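# turn this into a model:
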Amino acid sequence: MARIISIINQKGGVGKTTTAINLAAYLAALGKKVLLVDIDPQGNASSGLGFDYQKITKGIYEIMAFDEINLPDITLQHKIDNLHIAPATLNLAGANVELVDLPRREFRLKDQLKPYMHQYDFILIDNPPSLGLLTINGMVAADELLIPVQCEYFALEGLSQLLYTINLIQNNLKPDLNILGAILTMYDGRNSLSEAVFNELYQHFPRKIFRSVIPRNIRLAEAPSYGKSILEYEPSSKGARAYNKLAQEILLT
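Residues are numbered from 1 along each chain as shown. Prediction:
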């Protein structure tokens, strides 16, 4: 039965999609069957793994909006063994409005994933940088939340709002939703601000900060433009080693 991990932060530019792509790649490389679900209308997780979401006609929006379309109808095999993706499509841009009147609107994604959970070890969900209906679906469908936090001062703004929203979801829609932990991204050990962010983060997530940290790394920034994970693009880079370590750490949790 799959562990479903939703990667979430309503603030953009914190390394959320980078984490989704590369964690999925390394878990697959470690022999786990992985499905990456792209519910971000920007489609960056899809394009970052080499799929042109602008040309895909059936994706995650279609299975959430139409009962007759199911997960196997949209799932794409990646060149990395064990890695599949449920891609975004252009139609996802209107989902927050168009799904509002559908029955079980907060459970549309969960209902679609549930019959296929036995086919995977991990299902990772890349959420939009917002707290709308798509993200609510991403949280309700999940067992655990992984929160990337950029090592910059302004990245901590909005964290209280995110925790408030998580609490609402736990109280009203998903009582057993668990915060797996926070992962520091764009870390620079030469910068005292990185340590300050860590200390502040510890106040929010005591004992739930991953030992692995993701460094600021040019190879990580370049890889998506080539439609590749860091495992494919530059496996010897610091960023690659960091995501490999994170994947192994998650396997131990």
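# now do the least confident helix or strand in the chain by mean pLDDT: distance to the chain's middle.
When each helix and strand of the chain is scored by mean pLDDT, DSSP states H and E, helix 192-204 comes last, with a mean of 81. Relative to its parent chain, helix 192-204 has a centroid offset of 22 Å by CA atoms, centre = their mean, to the nearest Å.
# go on, stretch 212-228?
15 Å.
# what does that stretch contact?
15, 17-19, 21-22, 44, 47-51, 148, 151, 183-189, 229-230, 232-234, 237-240, 242-243, 245-246, 249 (CB atoms under 8 Å, 6 or more residues apart in numbering). Every C-beta, even on glycine, is put in place using the N, C-alpha and C of the backbone.
# what of stretch 77-84?
Taking CB under 8 Å, 6+ apart as the rule, stretch 77-84 contacts 24-25, 28-29, 31-36, 49-50, 75-76, 85, 120, 229, 231-232.
# that stretch: end-to-end distance?
5 Å (CA to CA, to the nearest Å).
# ranges for the helices of the stretch 151-253 of the chain?
Along the stretch 151-253 of the chain, the segments classed as helices by DSSP state H, counting those that start in this stretch run 159-172, 192-204, 218-222, 230-233, 238-251.
# got the contact list for residue 155?
Taking CB under 8 Å, 6+ apart, one finds 11, 14, 149, 197 in contact with residue 155.
# may I see those residues organised as a markdown table, with neighbour count and distance to residue 131 added?
Below are those laid out as a markdown table (neighbours: other CB atoms under 10 Å; distance: CB to CB, whole Å):
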| residue | neighbour count | distance to residue 131 |
| --- | --- | --- |
| 11 | 19 | 10 |
| 14 | 22 | 14 |
| 149 | 27 | 16 |
| 197 | 21 | 21 |
